[in-house]
Structures are given as C-alpha cells and as structure tokens.
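A.B. asks: Can you look at this prediction? I've put the sequence above it.
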Amino acid sequence: MSITTRQLGSETSPAAVHPDFRVRGPRSGIELGSLFDGFGTDEHPRAGELRRWAVDFLCAPHEDLGRTGPVCPFAGPSITRRLFWAAFVPGTDVGEDRMRAVADDLAELFPELPPDSGADAALKAVVVVFPDLTDYDVIERVQNERKSDFVLQGLMLGQFYPGCTVSGLRNSAFRALDAPLPMLAVRHMVGSDFPFLAADRDWVLAYLKKFAGSVPSTVRTEIAEKLAAPTVGA
C-alpha cells in the first residue's frame with residue numbers, strides 16, 4: 001500500500017467494520033467487504049492496486065480536470081471513514097447476465113450496508129471489480145441498462161475501465177472514468193450530479209425529489225437555463 005494510502009486511511013472511524021465482515025449478494029454471489037479495513041485475510045491480489053488508484057487518482061487533483069480539488073470529492077471522505085466497499089468477480093467469461101445480477105444485488109444491498117442511517121450513510125461507496133474482463137462493452141451495456149433503476153433510488157451507477165473515453169464535465173479531453181481495472185461503482189446521488197442526469201426527464205425528477213430543498217445555486221441556474229431554452233422549431 002502506498003504512503004498516501006496509509007496517510008489518508010489512518011483516521012479511526014466509528015463506522016469501521018471488522019476486515020472479515022462480508023455482505024453477500026443473493027443473485028450473483030459477490031462478497032462485499034470494507035476495502036480500507038484490510039479487506040480480510042483472503043483479499044484479492046489486486047486489492048492493493050485498487051486502493052492505490054482510489055487514493056492516488058480519485059483523491060488527488062489533476063491538471064486536466066478543469067477545476068481545483070480532487071478528481072472525485074466524494075472518494076476521500078468515503079475512504080477516511082472506512083466506507084469504501086469492494087468486491088472482486090474473477091473470470092474472463094463474465095457476461096451480461098452475470099453482470100446484471102451483480103447490478104441488481106448492488107441496488108438491493110447498497111442502502112443496507114452499514115451505516116444505514118446518519119451522516120456517514122451518505123458517504124458510502126461500492127465498487128465491484130472484474131479484474132480478468134477484457135470485453136468492456138459488457139460494462140457499458142449493463143451500466144446504461146441499469147442506470148435508471150439506481151437513479152430512481154437516489155443512487156449513481158458508474159462504469160470504469162482501461163481506456164474509457166467518457167469526457168469530464170469541464171474538460172472534454174479529461175478521461176475521469178479511465179481506470180486500471182474494469183468495475184461498476186455505486187454511490188449516493190449528490191447535489192452536483194445534475195449535469196449527469198439532465199438528459200432524461202425521469203432522472204431530473206428523481207434529482208429534484210431528493211434535492212428540491214437544497215439544490216446548489218449554480219445548479220438551480222443551470223436548470224432554469226435549460227428550461228428556458230427555446231424549443232427547436234418553436
């Protein structure tokens with residue numbers, strides 16, 4: 001584990017769980033464990049690589065990001081509070097059916113992972129890694145297919161894999177989802193997520209249901225501008 005990982009993860013959290021604690025998915029059989037509590041005695045050989053990426057990339061600034069601060073402002077608090085969960089699904093033959101089962105288990109299990117209430121509950125994050133997968137189109141298809149199910153629960157489902165070309169919000173040349181390991185990631189929806197949801201009416205409604213009373217002013221302006229934009233052909 002890198003020095004930066006040890007430093008970031010050094011704070012003792014009241015939410016920390018025993019490293020051998022597991023939550024099993026009933027459909028897919030995935031076993032979720034707390035990545036920064038040591039991940040138990042039988043951790044996957046690439047768990048250290050996942051920790052390094054989470055700390056050294058997600059929690060760090062980047063010159064191409066287009067703004068100040070870390071690549072993912074959510075990741076640091078999640079790691080520090082020991083609320084970053086992970087599972088590994090080995091094998092090169094992970095198809096869409098298996099990955100759908102993983103996604104369905106995540107939708108069911110995520111809200112119940114400890115803690116399920118209080119301020120810390122909003123900091124939970126989960127990644128399911130497919131370390132041997134080479135057909136990244138499977139991740140794209142399942143993420144696109146299942147995203148609405150998560151958004152309607154107030155959650156965000158993301159896809160990461162080597163060479164992912166999804167553009168950053170403020171710099172189209174920045175590849176925020178380009179990661180050393182292919183994975184699906186889940187976290188709670190936050191107020192700044194509106195740009196990721198603006199393209200779909202049901203997603204916008206889910207966003208407003210969750211944040212109607214606390215929408216950031218910049219986002220309120222963006223919503224107003226989109227609603228006020230003239231319709232083509234009007």
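C.D. replies: Ah, there it is. Computed from a predicted structure; not experimentally measured. Numbers count the residues shown, from 1 in each chain.
A.B. asks: Specify the local secondary structure of the residue nearest to residue 143 when sequence neighbours are not counted.
C.D. replies: Nearest residue to residue 143, sequence neighbours excluded (CB to CB, 6 or more residues apart in numbering): residue 159, at 4.1 Å. For every residue, glycine as well, the C-beta is placed using N, CA and C. Following DSSP: H, G, I helix; E, B strand; the rest coil, residue 159 is assigned to strand.
A.B. asks: quick one: residue 159 and residue 138 touch, right?
C.D. replies: No: when contacts are counted by CB atoms under 8 Å, residue 159 is not listed as touching residue 138 (9.8 Å).
A.B. asks: Tell me where the model's unsure across this protein.
C.D. replies: For the chain, residues meeting the criterion pLDDT under 70 lie at 1-20, 38, 40-41, 224, 227-234.
A.B. asks: follow-up on the earlier one: residues touching the residue nearest to residue 143, list them.
C.D. replies: Counting by CB atoms under 8 Å, 6 or more residues apart in numbering, residue 159 makes contact with 139, 140, 143, 166, 177, 183, 184, 185.
A.B. asks: quick check, nearest of those residues to residue 39?
C.D. replies: residue 183 (14.7 Å; CB to CB).
A.B. asks: now the nearest residue to residue 174 once chain neighbours are set aside: how far from residue 46?
C.D. replies: Closest residue to residue 174 apart from its sequence neighbours, by CB to CB, 6+ apart: residue 168 at 3.6 Å. Counting by CB to CB, to the nearest Å, the gap from residue 168 to residue 46 is 25 Å.
A.B. asks: Which residues does the residue lying closest to residue 193 once chain neighbours are set aside form beta bridges with?
C.D. replies: Take residue 193 and drop its neighbours on the chain: the residue closest to it by CB to CB, 6+ apart is residue 156, 6.2 Å away. Beta-bridge pairing of residue 156 under DSSP bridges involves residue 187.
A.B. asks: so residue 156 makes contact with residue 194?
C.D. replies: No: Residue 156 is not in contact with residue 194 according to CB under 8 Å; the separation is 11.5 Å.
A.B. asks: the more surrounded of these two?
C.D. replies: Per other CB atoms under 10 Å, whichever of residue 156 and residue 194 has more neighbours is residue 194, with 22 against 19.
A.B. asks: Count the neighbours of the residue nearest to residue 179 when sequence neighbours are not counted for me.
C.D. replies: Excluding the flanking residues, the one nearest residue 179 by CB to CB, 6+ apart is residue 160, at 3.8 Å. A total of 23 residues lie near residue 160 under the criterion other CB under 10 Å.
A.B. asks: which residues touch residue 160?
C.D. replies: Residues near residue 160 by CB under 8 Å, 6+ apart: 127, 177, 178, 179, 181, 182, 183, 184, 185.
A.B. asks: The closest residue to residue 149 other than its chain neighbours: what's it in contact with?
C.D. replies: Nearest non-adjacent residue to residue 149, counting by CB to CB, 6+ apart: residue 107, 5.7 Å away. Taking CB under 8 Å, 6+ apart, we find residue 107 in contact with 146, 149, 150, 153, 155.
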